[in-house]
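Q: any chance you can model this:
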Amino acid sequence: MERELALEIVRVTELAALASAPWMGRGDKNSADEAATLAMRAMFDSVSIRGTVVIGEGEMDEAPMLYIGEEVGNAEGPEVDVAVDPLEGTEIVAKGLNNALSVIAVAGKGNLLHAPDMYMEKLAVGPALVGKVSIEDPVEVTLEKAAAALNKNISDLTVMILDRVRHESTIKTLRKVGVRIKFLSDGDVAGAMAPAFPEAGIDLYVGSGGAPEGVLAAAALSCLGGEIQGRLMPANADEFQRCLQMGIDNPYKVLTMQDMIGTEDVIFAATGVTPGEILGGVRYLADDRAETDSIVMRAKTKTIRFIRSQHFLPNKEVLHKVRQLQSTPEPSDRIPNHVKTMEQAEFSQSSIDHGVTTTL
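A: Here you go, the predicted structure:
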């Protein structure tokens, strides 16, 4: 993949973050997600790829755009798999909390796991613990191995986990062993990335979260030198069958980084929507400007770029289009889905016809 593609991709996450940021704290996660999705889809029209969405907003009949199997890009450039989460942490934005991101990963065609939308058990670590721990071990054993490898007392380890009822047993074990625990309200990708950033102060990320988010985290950690191991958790026969249909022969096997993202180059980009351990959120400045914090990384070179950008909002035509589509008085008065789908499709086409998405 061309290295210039990394900067093209981060422009897409920047605009998605700018589109969703006005919804912070307004209690409407669906509108925040819709805004990010509309902006991301429109911006993809300016990116020089022949991309296919393998992780997106849902199946074709569930999502009007960025659905699984949708083709994105301007049909020029390399054939690639694309994984997106226009707004990772919809509840976070709705409640005005930390760690919401707009995220994209791109890899060569056929490399990204077509992860079904179900839970995945995860164990994520930074570079110092790569190859030193296993998701197949009991949590107590994992902590002992981590403490030994890091030359720390177990009581000095910090473990991050989503604050969920399903994690009660794991949390009880963590407390019994005596590690420090940092709870995450939402934001599975940011949580799995945290152990790879020393300044975050997180040694391990454990627990279950969305399988698509696991693949996005694997893309990020491949660039950061970290590691994530996963195991799908089909809840019923239908979910088990869905795994088989998506080409996963043994849904219960441990998934390695190679299983999730292949062995070729990967590009990962994320822009903060709300502040977090890794990135700042969108900040509104005087004179119609806004500032974004982003990270863009490439696995092949292990280059990590932090980008702080200032945007002159009146020149962001895509944002104006998004706001027009969302300009109903109340969230409950949204236009019906079948009408919205047509309008959004027209919006995407008009962005090509009129060059909207070429605005920097």
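Q: and residue 86, which of the three is it?
A: Assigned with DSSP: H, G, I helix; E, B strand; the rest coil, residue 86 falls in the strand class.
Q: what mean pLDDT does the helix or strand hosting residue 104 get?
A: Per DSSP states H and E, residue 104 falls inside strand 101-108. Averaged across strand 101-108, the pLDDT comes to 97.
Q: which elements pack onto it?
A: helix 4-20, helix 29-44, strand 79-88, helix 188-193, helix 211-224, strand 266-272 (3 or more CB pairs under 8 Å, 6 or more residues apart in numbering; DSSP states H and E). (Glycine included, C-beta is placed from N, CA and C.)
Q: ok, and for the fourth one, which residues are buried?
A: Think helix 188-193. Buried residues in helix 188-193, counted by 16 or more other CB atoms under 10 Å: 188-193.
Q: what's the neighbour count on residue 320?
A: Residue 320 has 13 neighbouring residues, counting by other CB atoms under 10 Å.
Q: right, I mislabeled it, should have said residue 205
A: There are 29 residues near residue 205, going by other CB under 10 Å.
Q: now it: which helix or strand?
A: Assigned by DSSP H and E, residue 205 falls in strand 204-210.
Q: what's the angle from that strand to strand 79-88?
A: Strand 204-210 runs at 100 degrees relative to strand 79-88, counting by axes from the mean of the first three to the mean of the last three CA atoms, to 10 degrees.
Q: please report phi then psi for residue 183.
A: phi -90, psi 140 (degrees, to the nearest 10).
Q: burial of it, as a residue count?
A: Neighbours of residue 183 (other CB under 10 Å): 13.
Q: show me the contacts for it.
A: 160-163 (CB atoms under 8 Å, 6 or more residues apart in numbering).
Q: and stretch 224-231, what's buried?
A: Residues 224, 226-231 are the ones in stretch 224-231 that count as buried (16+ other CB under 10 Å).
Q: average pLDDT for it?
A: pLDDT averaged over stretch 224-231 gives 97.
Q: then stretch 204-217?
A: What stretch 204-217 shows for mean pLDDT is 95.
Q: that stretch: end-to-end distance?
A: 13 Å (CA to CA, to the nearest Å).
Q: next one: it to chain centre, how far?
A: Relative to the chain's own centre, stretch 204-217 is displaced by 10 Å; criterion: CA atoms, centre = their mean, to the nearest Å.
Q: now do stretch 149-163
A: Distance, centroid of stretch 149-163 to centroid of chain: 24 Å (CA atoms, centre = their mean).
Q: one step back: what about the contacts of residue 183, which are in strands?
A: Those of the contacts of residue 183 mapping onto strands are 160-162, per DSSP state E.
Q: which one (most neighbours) among those residues?
A: residue 160 leads the ones in strands among the contacts of residue 183 on contacts (other CB under 10 Å) with 24 neighbours.
Q: list the contacts for it?
A: With CB under 8 Å, 6+ apart, residue 160 has these contacts: 181-184, 191, 194-195, 202, 204-206.
Q: which of those residues sit farthest apart?
A: The span of the contacts of residue 160, defined through CB to CB, is set by 183 and 195 at 15.3 Å.
Q: residue 190 touches residue 97, doesn't it?
A: No. Residue 190 lies out of contact with residue 97 (CB atoms under 8 Å); the separation is 11.5 Å.
Q: rewinding a little: out of the helices and strands packed on strand 101-108, flag the one nearest residue 321.
A: In terms of CB to CB, the element of the helices and strands packed on strand 101-108 nearest to residue 321 is helix 29-44, at 7.1 Å.
Q: distance between that closest one and the chain's centre?
A: 14 Å.
Q: would you list every one of the strands in the protein?
A: Counting by DSSP E, the strands of the chain are 50-55, 71-72, 79-88, 101-108, 119-125, 158-162, 180-184, 204-210, 227-232, 266-272, 283-285, 289-298, 303-312.
Q: number of nearby residues for residue 315?
A: Neighbours of residue 315 (other CB under 10 Å): 11.
Q: ugh, wrong one, residue 311
A: 20.
Q: beta partners of it?
A: residue 290 (DSSP bridges).
Q: just to revisit the earlier point, and for residue 190 and residue 97, which residues touch both?
A: residue 89.
Q: check contacts around residue 276.
A: So residue 276 contacts 98-101, 187, 190 (CB under 8 Å, 6+ apart).
Q: what of residue 21?
A: Residue 21 touches 93, 273-274, 281-282, 290, counting by CB under 8 Å, 6+ apart.
Q: which one (most neighbours) among those?
A: residue 273 (34 neighbours).
Q: so what's it closest to, chain neighbours aside?
A: residue 100 (4.0 Å; CB to CB, 6 or more residues apart in numbering).
Q: neighbours around the one you found, how many?
A: Residue 100 has 33 neighbouring residues, counting by other CB under 10 Å.
Q: rewinding a little: which one of the buried residues of helix 188-193 is nearest residue 81?
A: residue 189 (16.9 Å).
Q: how far away is the closest one from residue 320?
A: Note on residue 189: its distance to residue 320, by CB to CB, to the nearest Å, is 29 Å.
Q: picking up where we left off before, the residue nearest to residue 273 contacts residue 94, doesn't it?
A: No. Using CB under 8 Å, residue 100 makes no contact with residue 94, being 9.4 Å away.
Q: what two of the contacts of residue 276 have the greatest distance between them?
A: 98 and 101 (10.5 Å).
Q: return every residue with contacts to both of these two.
A: When contacts are counted by CB under 8 Å, 6+ apart, residue 98 and residue 101 are jointly contacted by 187, 276.
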